[in-house]
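Engineer: Okay, predicted coordinates and the sequence, questions at the end:
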Amino acid sequence: MRMPFCILNVLGDVLDDGELNFVEAAQSLDAAKARVQSLAELRPGEYVIYDEATGERVSVTACRPAIAASVL
């Protein structure tokens, strides 16, 4: 099965010698966005989703989900 959407992790500033590191591939843009959100729990940061078919890139900032504080 072809996975046309590549999820890339942004290390540093891409415009200033930063790097894009391949994380994994996904079947659809929605699946890639969902996967980036789940990755944010372990590795929050900047990601790029690259569509091999069109060359389009979508930048995503993934933040850790907020943890609700409980009052005792």
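Structural biologist: That came through, no problem.

Engineer: Run a quick neighbour tally on residue 8.
Structural biologist: Close neighbours of residue 8, defined as other C-beta atoms under 10 Å, add up to 19. Bear in mind the C-beta positions are built from the backbone N, C-alpha and C, glycine included.

Engineer: tell me which element it is part of?
Structural biologist: According to DSSP states H and E, residue 8 maps onto strand 5-11.

Engineer: Return the distance of the helix or strand following that strand from the chain's centre.
Structural biologist: Counting by DSSP H and E, the next helix or strand C-terminal to strand 5-11 is strand 19-26. Taking C-alpha atoms, centre = their mean, to the nearest Å, one finds strand 19-26 lying 8 Å from the centre of the chain it belongs to.

Engineer: just stretch 45-59 next, same as before
Structural biologist: Worked out by C-alpha atoms, centre = their mean, stretch 45-59 lies 9 Å from the chain centre.

Engineer: do the same with stretch 3-21
Structural biologist: For stretch 3-21, the distance to the chain centre is 9 Å (C-alpha atoms, centre = their mean).
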